[in-house]
Structure formats: structure tokens, C-alpha cells
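J.: Below is the sequence, then the predicted model.
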Amino acid sequence: MMPRLVRRVLRSSLALLAMSGGGACYQYSTVAVTDVRPEADIRARVSAVAADRIRQGPEAQARLLRGFTVAGRVSRLTQDSVVIGVERIEMEANVRAKTTRSDFALLRSDLQQVQLKQLNRRRTILTSTALSLATVAAVVIAVERGGRSTGSTPTPGGPPEQRIPLGVRIGFP
């Protein structure tokens, strides 16, 4: 049996690895508005004036704004504006989820900060390697030490199970 402290350390380290695995692969890095390309995943921070204008506009656009930020994929770029496609998940009749994509047009002058979502390869490799090693270690420990059930294997044979349908249980004279 493993000491209590070792089990506690293993459990907490596995929990930390599992929690860090979800967001470790991507990171946001700040870029200039002119460096944004179509089909790039971005998170944009708008000015307070633009946020007020958006909130007083159509309700569909006001719901896409979270505080002063909007996140989505760049649909179109023009000289003075950026069109961001924002995906939303809506419940349809409280039964199934429906993903809708709404275009959100912003002037380039309204954007205060643009962050580009990028894959962090180093973190991804380290996280996947650590999770793989933890999984292998757990399997090896389980195979070597066995599980909690230590009962014996039932002996083969014994009486066959007989099931008699309800209609056949009629008494014979």
C-alpha cells in the first residue's frame, strides 16, 4: 500500500495536469490592427465610445459584446473597418444547441487593442507529454498493485439457471 502522502501528491499533481491541459495550447498575443488577416481568430478591445454606440444599437449586436471585448474570426477587412464573425450557441426549444454566426462590423479607429489567438507549440508538447506520462504511470501502478477487488474467481460449473415462463407454471393433476 502506498503511503498516504504519496497518494495525496499524486492525486493533486494529476488534478493540476488535467486542469492545465485545457487552456495550455493557445495563447493570445497583441498585434497591430494592420497585421490582422482574414480568417484569423482574434479578441478585440473596443473604445468606450464604440461600446456605448454598440450597446445602444440593435440588441443582436449588443449581446455579442462582452464588456469592452468581442471575440471571433475575421470575416472581411476593408481599409477602414474590420468585420468579425462571432459564433453563438443558442438553445432551440430548450432541446438542442444551435450555433449561429453573426457578423460584427467595427471601424479600425474603434479598436484599441487586437489580440491574435496562436498555438503555443512548446506548451502543447509539454502538456501532452506530461499527461501521457501520468496516464502511463497510473496504468502501471494499477497493473502492478491491482485493484481493490481481491476476491477469488468463481468455479465453473454449478447448476444451470432455469427460467420457467409464467404461463407454464400450471399445476399438473
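T.: Arrived safely.
J.: Kindly provide the distance from residue 96 to residue 90.
T.: 10 Å (C-beta to C-beta, to the nearest Å). Backbone N, C-alpha and C define where each C-beta goes, glycine included.
J.: And residue 70, by the same measure?
T.: Remark: distance between residue 70 and residue 90 (C-beta to C-beta) = 17 Å.
J.: ok, those two, which is more surrounded?
T.: residue 70 (22 against 9; other C-beta atoms under 10 Å).
J.: Any idea how many residues pack against residue 65?
T.: With other C-beta under 10 Å as criterion, residue 65 counts 17.
J.: Residue 27 too?
T.: Counted with other C-beta under 10 Å, residues neighbouring residue 27 total 13.
J.: hang on, it in a strand?
T.: Yes - applying DSSP: H, G, I helix; E, B strand; the rest coil, one finds residue 27 inside a strand.
J.: ok now do it, which residues does it touch?
T.: 117, 118, 120, 123 (C-beta atoms under 8 Å, 6 or more residues apart in numbering).
J.: quick check, the last one in a strand?
T.: No - assignment of residue 123 by three-state DSSP gives helix, placing it outside any strand.
J.: Roughly how far does it sit from residue 31?
T.: Residue 123 is 19 Å from residue 31, where distance means C-beta to C-beta.
J.: Kindly report the same for residue 41.
T.: 12 Å.
J.: which residues do those two both contact?
T.: residue 116.
J.: Which residue ranges of the chain form helices?
T.: 4-23, 48-55, 59-62, 121-145 (DSSP state H).
J.: which other residues reach the second one?
T.: Translated: helix 48-55. Under C-beta under 8 Å, 6+ apart, the answer for helix 48-55 is 46, 61, 62, 65, 67, 68, 106, 107, 110.
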